[in-house]
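> what shape does this take:
(chains A and B)
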Amino acid sequence: MTPLFLSRGNQRLLLRIGIALVLFAAVLVIDKGIHPASCYQGPWAWLFPLLLYGGVYVLIGYDIWFKAARHLRHGQALDENFLMCIASLGAFGLGLYKIHLGQGAEGFDEGCAVLLFYQLGEFFQNYATQRSRNSISHLMDLCPQQARVLREGLFCTVDPASVRPGEIIAVNPGERIPLDGTVLQGCSSVDNRALNGESCPTEVEAGQEVLSGGVNLTERLEIRVTKEYENSTVAKILELVENASSQKSETERFITRFARYYTPLVVGLAAALFLLPGLLTRDWGTWLYRALNFLVVSCPCALVISVPMSFFVGIGAASRAHVLVKGSDHLEKLARNGIFVFDKTGTLTQGSFFVTGVCPKERQEELLRLAAIAENGSVHPIAKAILERCSPEEEGYRLYTQAGFGVIAEKEKEQIVCGNEKLLRSLKIEFPKEETTQTAVLVAHNGIYRGKIFVSDRLRKESADVIRALHTAGNRTVMLTGDRAEVARQVAAQAGILAVEASLLPHQKVETVELLLQQRSPRQILCFVGDGINDAPALMRADVGIAMGMGGSDAAMEAADVVLMQNDLRGLLTVQKIARKTMAVVRQNVVFSLGIKGSILLLSALGMANMWMAVFGDVGVAILAVCNAFRVNRMPPKAL
Amino acid sequence: MKRIFKLENLGCAHCAAKMERAIAKLAGVQEASINFMTQKLIVEADEALFPSLIPEMDRICRKFEPDCHLQGGPAK
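Just a heads-up that it's a prediction; the model follows:
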């Protein structure tokens, strides 16, 4: 977390609290230790401690009185500042009343302590709030402040928002790319760590797309802008983060509803506690003291602040693990056990092909060599799979791409055909017919069929481990896919998923999700994990929609509640761990704050608590609850 | 129409809940939600009403927290 520099006003406040604390301790020592009453005797001896405490009181509390007065003018009588003023003033009044009764000067210390520690607690809460707010807004560093754009033959520095698509911008090494675009000139490596957590820089050259938010590392790049600033990657991520946690969790709702009745109730009880037994026993002093204790613990702030803060810290911890959680309610749901419904392609699998086999086997090297020559330079997923296995050794071929069919490579008299059955049939090349479940590329050399190369989508490295860990953590998993049943079953078996629904059209995926929603138990949640545009409806319909980030589609990221920015399924485990920890902390805070406040109220009513305990019940509990909230941060970054 | 406003100097979580309730009760406001941690107010209301709603909402914020004020955000 970034260190927080206090504003001038806060620095002064901290200084004032510090001085007041020292003075208060000194006065307390003089009052309790030296017993000035033994030195200054006589009817006005009580004036001495009163003036000492009064001085500290004014030093620390004058602004609280101002605030209380301002709130009172707005008709906010139950404002915490005002209640604290009443409680502290009451303590002083009670001290004077006891002197009047001839019981000796006491109670001034408590009146003074109420405001002093209230001020300290408020300061701490503000500091903690600021600090956790800052931890999110340092993501703002992502945001480039300026763009160097080519206008009228010169590069000039402007606000990125004013650059239109089609314009050309220059990015020097070390600078952040301000807008999405295509590289026109230069080749460099780009660090996209801020976007997707990928620690290895990406090499880019002319013609390649670059994303805003990446840092240009080695060489100057000239980029043709393709999207305006509002639609650029970085603006979208910032918007997601900024508007994260706009949805309130059940717990937060409960706490604010509770707080709404808590203060009036406690203040009412305080009044009743003072008046009723007071009238009966005529012992006004005792009952006033007990009632004042009530006022000191009447502020529900510890509770109201610690719950959203725990969630906020949880969301922050998730975003540091490159998982974007769009609201505290999602975190709350993720803490429960769930049914995780996975889309197959691009989610459980990498969405890219690789070579699984060659038929006939003995011609493996020949087939791959021929195919590599033909597919050279192609960006088609199947071509990439082949080139990954074998790089082309010979060059100088003329390549003719038949979109949707394959490629024909020719050099002098030599001809290599590489494509699907339709391509070979159109060229009148004979080949044996076989039924296979896998996608195959057929290869022919000089008009003669030589064999075929099987390619298939590969499982993500982490899929099987993640599924196993999800099962261990008490979740159920289901796989949905539009792919054929045989392929689907094979992938599911590799991943360890038992329930499979295959050959689904997009709308059938949503229907399956709805069916599962009806079947689950009320305590379970349904998470849909997907990446494609056609997943968006299912992502919306699920209790928690989880999208794969980079590489996934914008529509999916928008529809989702949680985005795995790192494009790594292990994020699911991390976010569930963070969610469970957050909920544990929230529960601890609620039980702890309510428990302490409740017992202090009870003890006060019975006359077994003094004002010092009440001060702890207010300020101490708030500080402990806020500190507890920060514990959510202490998560190992990778959890598998 | 949904609009997002920034609430400057929002310091008290309990006050935020009070503001949220008061703003949600304003005539023409369909939904109001304050996020204490991000200091954002999200209001859903008829676009034509915003010019008159904004000073009203600002007044409510000041009422519960005198230092707190509303900053207009872009239409959303």
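
> get me the contact residues on chain B for chain A.
B:4, B:11-14, B:17-18, B:20-21, B:33, B:35-40, B:42, B:62-64, B:66 (Cβ under 8 Å from any Cβ of the partner chain). C-beta: built from backbone N, CA, C; applies to glycine.

> how does it look with 10 Å?
Listed as neighbours of chain A in chain B under the rule Cβ under 10 Å from any Cβ of the partner chain: B:4, B:6, B:10-18, B:20-21, B:33-40, B:42, B:59, B:62-67, B:74, B:76.

> in helices, which of the residues you listed fall?
B:13-18, B:20-21, B:59, B:62-64 (DSSP state H).

> so B:Leu26: helix, strand or coil?
When classified by DSSP: H, G, I helix; E, B strand; the rest coil, B:Leu26 comes out as coil.

> so how far is B:Ala27 from the spatially closest residue to it that is not a sequence neighbour?
Once flanking residues are discounted, B:Leu26 sits nearest to B:Glu56: 5.9 Å by Cβ to Cβ, 6 or more residues apart in numbering or on different chains. Distance, B:Glu56 to B:Ala27, by Cβ to Cβ, to the nearest Å: 9 Å.

> ok, those two, which is more surrounded?
Each of B:Glu56 and B:Ala27 has its neighbours counted (other Cβ atoms under 10 Å in any protein chain shown); B:Glu56 has more, 17 against 9.

> now, the most widely separated pair of the ones in helices among the residues of chain B next to chain A?
The distance between the two most remote of those (Cβ to Cβ) is 20.5 Å, for B:Ala13 and B:Arg59.

> the more surrounded of those two?
Higher neighbour count among B:Ala13 and B:Arg59: B:Ala13, with 26 against 13, using other Cβ under 10 Å.

> which residues are in contact with that one?
Contact analysis of B:Ala13 by Cβ atoms under 10 Å, 6 or more residues apart in numbering or on different chains lists A:125, A:129, A:252, A:255-256, A:259, A:300-309, B:34, B:36-37.

> just A:Gln103 next, same as before
Here A:Gln103 is in contact with A:95, A:97, A:285 (criterion: Cβ under 10 Å, 6+ apart).

> looking at chain A, which helix or strand is least sure?
In chain A, no helix or strand scores lower on mean pLDDT, DSSP states H and E than helix A:36-39, which sits at a mean of 58.

> next helix or strand past that helix?
helix A:47-73 (DSSP states H and E).

> hey, where'd the strands end up in the stretch 351-500 of chain A?
Remark: strands assigned in the stretch 351-500 of chain A by DSSP state E, counting those that start in this stretch are A:398-402, A:406-411, A:414-419, A:439-445, A:448-459, A:476-480, A:499-501.

> and A:Phe117, which of these is closest to it?
Across the strands of the stretch 351-500 of chain A, closest to A:Phe117 is strand A:476-480 (Cβ to Cβ), at 49.9 Å.

> so what secondary structure elements neighbour that closest one?
Counting contacts by 3 or more Cβ pairs under 10 Å, 6 or more residues apart in numbering or on different chains; DSSP states H and E, strand A:476-480 is packed against strand A:338-343, helix A:463-472, helix A:485-495, strand A:499-501, helix A:506-519, strand A:525-530.

> for that strand, what is the average pLDDT?
Strand A:476-480 shows a mean pLDDT of 92.

> that one: partners in the sheet, and parallel or antiparallel?
Using DSSP bridges, the strands paired with strand A:476-480 are strand A:338-343 (parallel), strand A:499-501 (parallel).

> pipe the ones you listed into TSV and attach distance to A:Met613, mean pLDDT and mean neighbour count per row.
Listed next are the strands paired with strand A:476-480 as TSV, based on distance: least, Cβ to Cβ, whole Å; pLDDT from 0 to 100; neighbours: other Cβ atoms under 10 Å in any protein chain shown:
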stretch	distance to A:Met613	mean pLDDT	mean neighbour count
strand A:338-343	43	90	26
strand A:499-501	56	90	17
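
> any chance of those strands in TSV, plus distance to A:Leu331?
Listed next are the strands paired with strand A:476-480 as TSV, based on distance: least, Cβ to Cβ, whole Å:
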stretch	distance to A:Leu331
strand A:338-343	13
strand A:499-501	26
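
> of all these, which one comes closest to A:Gln415?
Of all those, it is strand A:338-343 that lies closest to A:Gln415, at 40.5 Å by Cβ to Cβ.

> send me that closest one as CSV with only the CA atoms.
Written as CSV, here are the backbone C-alpha positions of strand A:338-343 (Å, rounded to 0.1, in the frame of the first residue of the first chain):
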residue,chain,number,x,y,z
GLY,A,338,-21.5,-22.7,-5.3
ILE,A,339,-22.2,-24.5,-8.6
PHE,A,340,-19.6,-23.3,-11.0
VAL,A,341,-20.8,-23.5,-14.5
PHE,A,342,-18.0,-23.4,-17.1
ASP,A,343,-18.1,-22.6,-20.7
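
> near A:Asp283, how many other residues are there?
A:Asp283 is flanked by 11 other residues according to other Cβ under 10 Å.

> swap that for A:Leu154, please
Around A:Leu154 there are 8 residues (other Cβ under 10 Å).

> how close does A:Ala622 get to A:Thr401?
Separation of A:Ala622 from A:Thr401 (Cβ to Cβ) stands at 68 Å.

> look at these two and report which has more neighbours.
Ranked by neighbour count (other Cβ under 10 Å), A:Ala622 and A:Thr401 place A:Ala622 first, with 25 against 17.

> secondary structure element holding the more buried one?
Applying DSSP H and E, one finds A:Ala622 within helix A:621-630.

> now for that helix, which elements pack on it?
Here helix A:621-630 touches helix A:108-137, helix A:301-320, helix A:570-605, going by 3+ Cβ pairs under 10 Å, 6+ apart.

> alright, calling it a day.
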